[in-house]
Structures are given as structure tokens and as C-alpha cells.
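> What follows is a predicted structure for the sequence shown.
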Amino acid sequence: MLFIAVILAMSGYSCREKGGKYINQGEIHYTIEYMGGTGFIPQHYKPRNLVVSFKHNKILFEILFPIGNSGIINLSNPDKEIFDTYISLLSMKYYYAAEPGEVNPGFESMKGMEITKTSKKSVICGFNCKNAEVTFPYDRNKIYNIWYTEEIKIKNPNAGSPFSEINGVLMNFFFFLGSTEMHFSAETVYKKEIPDITFERREKYVRVSREEMDKVINMMNSL
């Protein structure tokens, strides 16, 4: 039992344990669950995890396929006005550079959603979380719940996402990315030093338009 406790302590803050609060740099690991149809590739070949690296107001989202070096990366570095989306798929390597305040490509199916904050509360990974309900214009009776915490100190944590009006780190949430519905649940929060180079613009990617990036994301999510 002592050995297991030591391993857990070394591995970061489990969602069954209370982690350090008000940290301003580290990593959050999420599990991904797919809802509805997900194309012809079996789910166990699709990305199963999201890793978010953060440092003050800089954020990096990484969703990677378990095989090969393919996936989607969103990078937000306001100090250098970098708001990039990167796509790697086989030999394709593309990126789109968004303007400040612009929602990243791939979220067109989330247009028109309404977010209503509630008084519900929960504890996720040891962090006190607040709740908000999300609805869409095609069915206002169907409610999606998201949970977020204000105890992780990131400035504008949802810049570039459809949830930019939520001033808190999302711990349990969802995306419609292209035609795919993905649900994310925080599994572990690590307090660790993140090198500044993590938030620099990637090299060896071809810059494309927003329309081209949308097409690539839709194609990737239809596989």
C-alpha cells in the first residue's frame, strides 16, 4: 500500500485526490469519449486523450492519434499574438493563424449556442467547479452540461474556443469538431514547469486559409 501511495504521489494529482490550487503552470490530462457516429476508423484508433499545457496566459491543446504523428494542436500565446491551429495527418502538415478573438477553425457546428451559468457546484480533481448549461438553436430542450474551475490561474483560458465567455478552466466539457461530438473529462492535473519554447510557433507547417483548414478538419473527423 505504501508503494502504491508513493507511485500515485509521483504521478501527479489524481481526480480522487485534492491537488494544489491556484497553480499558474502545468498540464491537465483529459479522457475523450465519442458520441454518435465516428466514421469508419474504429474508436480505439482515434485520439483517446487531450493534453493541455499552460503557463500564465499561454495555452497549448494537443489531441493526437495513438498511431503515427497525426492530430490537432491549438496554440494560444497572446504575448506574441500567436493563435494557431495545426493539423498533422500522414504527410500533410498545415496551420492556420487566427486573429485575436477569433474562434479557431472546426467549430462551425457550434454556432448559435447559448451558455447559461447555474448555481450547481462540484469537485473535480480536487478543484471546486461551477456549472453552465449549453443549448443549441436546433433543439433548446436538449441541455449539455459543462464544468469549470476558477482555481487554476490562467488568464482567458478559453480564448479561441466556443466557450470563450467562460472565465474558468474547463474540467468537463464537449466539442462538436466538424461532424464529431467529443466529450472531455479531466483525469489528472499536474503542477510542473513548462518551457517557454512549448508556446512558440511550429515550423515546417504550410500556412493555409480558414476555409482550407475547415475542410481538412472535416475530412479528418469523417475518417
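Happy to help now that I have it. Numbering: from 1, shown residues only.
> With just CA atoms, put the longest helix seen in the chain into CSV.
Identified as the longest helix of the chain according to DSSP state H is helix 210-221. Extracted C-alpha coordinates of helix 210-221, given in CSV (Å, rounded to 0.1, in the frame of the first residue of the first chain):
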residue,chain,number,x,y,z
ARG,A,210,-9.5,29.2,-42.7
GLU,A,211,-11.7,27.6,-45.4
GLU,A,212,-8.9,25.1,-46.3
MET,A,213,-8.3,24.3,-42.6
ASP,A,214,-12.1,23.7,-42.1
LYS,A,215,-12.0,21.2,-45.0
VAL,A,216,-9.1,19.3,-43.6
ILE,A,217,-10.6,19.1,-40.1
ASN,A,218,-13.9,17.9,-41.5
MET,A,219,-12.1,15.3,-43.6
MET,A,220,-10.0,14.1,-40.6
ASN,A,221,-13.1,13.8,-38.4
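> who does it touch, helix- and strand-wise?
In terms of contacts (3 or more CB pairs under 8 Å, 6 or more residues apart in numbering; DSSP states H and E), helix 210-221 is packed against strand 82-89, strand 92-97. C-betas here are computed from N, CA, C, even on glycine.
> in the sheet, who's paired with the most centrally placed residue in the chain?
Centroid-nearest residue in the chain, with CA atoms, centre = their mean: Phe61, separated by 5.2 Å. In this structure, Phe61 bridges to Val52, Asn74 when assessed by DSSP bridges.
> can you check Ile28 too?
Listed beta-bridge partners, Ile28: Val52, Val189 (assigned using DSSP bridges).
> Start the count at 431 instead of 1 going forward.
Let's use 431 as the start, then, which means that last one is Ile458.
> count of neighbours near it?
Residues lying near Ile458 (other CB atoms under 10 Å) number 25.
> Give me the neighbour count for Asn558.
Around Asn558 there are 12 other residues, counting by other CB under 10 Å.
> Oh, that last question was meant for Thr548, not what I typed.
Neighbour count for Thr548, taken as other CB under 10 Å: 10.
> Can you list the buried residues in stretch 646-653?
646-648, 650-651 (16 or more other CB atoms under 10 Å).
> do stretch 504-520 as well
Residues of stretch 504-520 classed as buried: 504-508, 512-519 (neighbour count, 16+ other CB under 10 Å).
> Save those as a markdown table, and put in pLDDT and distance to Ile582 too.
Shown next, in a markdown table, are those (pLDDT from 0 to 100; distance: CB to CB, whole Å):
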| residue | pLDDT | distance to Ile582 |
| --- | --- | --- |
| Asn504 | 96 | 17 |
| Leu505 | 97 | 18 |
| Ser506 | 96 | 15 |
| Asn507 | 96 | 18 |
| Pro508 | 94 | 17 |
| Ile512 | 96 | 21 |
| Phe513 | 96 | 20 |
| Asp514 | 97 | 22 |
| Thr515 | 97 | 23 |
| Tyr516 | 97 | 24 |
| Ile517 | 94 | 27 |
| Ser518 | 92 | 28 |
| Leu519 | 84 | 31 |
